[in-house]
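Novice: what's the 3D shape of this:
(chains A and B)
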Amino acid sequence: MQTQEILQHFYEKEVEKRRQNHLLAMEVYFQASKDSLAEDFRKAFQRICRQLQQQQVAQQKGPLAHITFSLLRTALLEKKYIYLVEGTDEEWFFDIQPILTAYDATWAFRFFEQFIDELTTYSKTFAGAITQADIESIKLQEVTHFHQYVISLARYALADIIQCSEYMSLSREPQLEIRIGEYLDVNEVVYNEDFTVRDSDEIKAWLEQNLDDEYPYEVFNNLNLSSGNYEGIDIRYAFFLKTNLIQSQLRDSLLIGANFSESKLIDADLSFSTIHEANFSHSQMQGVNLQQVQGAIGLLNQEGWEMPGYLPVLFTGANLEGANFELADLRGACFIGANVKYANFTGANLEKAMFSKEAQEHVSFDPIQATSIIWKE
Amino acid sequence: MNYFILSQDERILNAVEPVGITQTIKKEWLTVEKMGELDAIDSQFPILDKTEQDYIDFISRPIALLADPLKQLVEKYNPQMPFKPLVLVDIPKIKQTLYWMVIPPKVACLSPKTEYHLDGTVKKLVIDEALAAPYTFFKIDGIKEDFILVNIELAESILRRSFRGLRLVKVQTEGRWNDIFINL
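Specialist: Take a look at the predicted model:
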């Protein structure tokens, strides 16, 4: 066989198969360890903010509009899993004097290293046709899959810790985005804030137009969007902190990763929506309709890894009195500290969902639910 | 910024090897002053016969040659950079492959921390980040060696694409980036 053919064969047969194995192992590790990883990320983020703040003062840098974490393939080649962290002003990539620090993401690449080691060992059976140079090439391409976990963790951890004093002491523009991705290339928003004063009615009208691709990752905090008709809307990973959505129509919508912390969703209709990774912590959600929502944690497809599995839907400390969860799929969801009096969980899948023990007094769970729920003090 | 020496990856088997370049092209012609001389030569060269030829994207010897896709990427970052075409001809297979000679700027960017051997060759190369800052693809003024340096922007861009046969090795620097990365 010609060398090119051998490489092709190696890639299709061995690389893809082993990649799946290691990503599935990574997924298991990630779901099990996400809270301790989030805690580590918190500490790292606080340190990063401190360092950026010191530089901001020393270099008399104006307010930041962007904090960008970039995967460095050049560091990867030296087996260092370092993300460059840049604080930039409104000019973003055109800011010629960014303030800089670094983030060590070794935790996310342990399974990646094992994957590459395994490939290297196995490549030796190809009698020299597959060189270290080829393995390095494969390494540079395959890293992106594992890098997705850094994005997933950052989003999960930042939601809580963004109020930390180190972040608050940074001089910031009213609009700030935190992004993670490749150096000067594709990246994703993991946190977005916008304190500019905006007109609730204008925004509501905009949302009611149900435009394509306009709303994901956007910020809609502190607005009055109540009684709106947003049926079928795509607001994945958007931010609605402290926003009023009382009696709004959000049926059959894409709410993956949307952040509704401290918002009001009283009597809102979110039935049949996809709500994986959505955050409803400390919200007022009395009488909300969440019938038949899809919100399970983990991989959509247990057989094939396509992206990191979903993290839990969070109802932590929310007021869910009289909420309707009939036939909802809320595997792994967190209801700790939530008020679930008179809530209807008939037929809901609550496997590994977390509830405070008091919930048992107020809700009648069926026997399957009662045994598959994780009860917390 | 971080800077990297761009070189040919010697680990690749069957890399294509041009023949006869040294006899035809003088190294001093690869400068802005003398590059006109390159227009007068016949820039087609045969290659060493091999059962398999791997047309890697970067050839180091005897002069630096960039395959067309790599040349286009470098050109995006440096629209004014002079390039001269050179064709490698596989006579038995009647195949011609386009490569490019490049004339990068020579930049005085050495840090005083650079160390030398007694014969004047570099023992430890240290680049001053501030002096190198405006450049993405360049040679170093003040040393005997012919290194091509690439900044991290271009380096990362290269590594995101599937170029073959090149290596990027980090050089030590003096400046802000060194201060950040030194502890990691």
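Novice: flag every residue of chain A that's near chain B.
Specialist: With C-beta under 8 Å from any C-beta of the partner chain as the criterion, chain A comes near chain B at residues A:2-3, A:72-74, A:77-78, A:80, A:82, A:100-102, A:104, A:128, A:131-133, A:137, A:140-141, A:182-185. Any C-beta I mention is one placed from the backbone N, CA and C, and that applies to glycine too.
Novice: pull out the buried members of those.
Specialist: A:3, A:72-74, A:77, A:80, A:82, A:100-102, A:131, A:133, A:137, A:140, A:182-183 (16 or more other C-beta atoms under 10 Å in any protein chain shown).
Novice: most widely separated two among those?
Specialist: Comparing every pair within these by C-beta to C-beta identifies A:3 and A:101 as the most remote, at 42.8 Å.
Novice: what's the nearest residue to residue B:105 if we skip its chain neighbours?
Specialist: residue B:138 (5.1 Å; C-beta to C-beta, 6 or more residues apart in numbering or on different chains).
Novice: would you confirm that the one you found contacts residue B:103?
Specialist: No: under the criterion of C-beta atoms under 8 Å, residue B:138 lies out of contact with residue B:103, with a separation of 10.6 Å.
Novice: what residues does residue B:77 make contact with?
Specialist: With C-beta atoms under 8 Å, 6 or more residues apart in numbering or on different chains as the criterion, the residues that contact residue B:77 are B:136-137, B:153-154, B:157.
Novice: next, format those residues as JSON lines and append distance to residue A:247.
Specialist: Below are those laid out as JSON lines (distance: C-beta to C-beta, whole Å):
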{"residue": "B:136", "distance to residue A:247": "56"}
{"residue": "B:137", "distance to residue A:247": "60"}
{"residue": "B:153", "distance to residue A:247": "51"}
{"residue": "B:154", "distance to residue A:247": "55"}
{"residue": "B:157", "distance to residue A:247": "50"}
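Novice: kindly supply the ChimeraX command isolating those of these that are buried.
Specialist: Selecting the buried subset of the contacts of residue B:77 in ChimeraX, with 16+ other C-beta under 10 Å as the burial test, is done by:
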select /B:136,137,154,157
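Novice: okay if I get the contacts of residue B:77 as JSON lines plus distance to residue B:39 and pLDDT?
Specialist: Shown next, in JSON lines, are the contacts of residue B:77 (distance: C-beta to C-beta, whole Å; pLDDT from 0 to 100):
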{"residue": "B:136", "distance to residue B:39": "26", "pLDDT": "97"}
{"residue": "B:137", "distance to residue B:39": "22", "pLDDT": "97"}
{"residue": "B:153", "distance to residue B:39": "31", "pLDDT": "94"}
{"residue": "B:154", "distance to residue B:39": "27", "pLDDT": "96"}
{"residue": "B:157", "distance to residue B:39": "30", "pLDDT": "95"}
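Novice: what is the nearest of the contacts of residue B:77 to chain A?
Specialist: residue B:153 (6.1 Å; C-beta to the nearest C-beta).
Novice: stretch B:150-165 vs chain A: in contact?
Specialist: Yes: shown here: stretch B:150-165 in contact with chain A (C-beta under 8 Å from any C-beta) through B:152-153, B:155-157, B:159-160, B:162, B:164-165.
Novice: pLDDT weak spots in chain A?
Specialist: Along chain A, the model assigns pLDDT under 70 to residues A:1-2.
Novice: quick one, strands of it?
Specialist: In chain A, strands defined by DSSP state E lie at A:64-71, A:82-88, A:99-104, A:172-182, A:187-194, A:334-335, A:354-356, A:374-376, listed in chain order.
Novice: next, the angle strand A:82-88 makes with the fourth one.
Specialist: Yep, that's strand A:172-182 we're talking about. Using axes from the mean of the first three to the mean of the last three C-alpha atoms, to 10 degrees, the inter-axis angle of strand A:172-182 relative to strand A:82-88 is 150 degrees.
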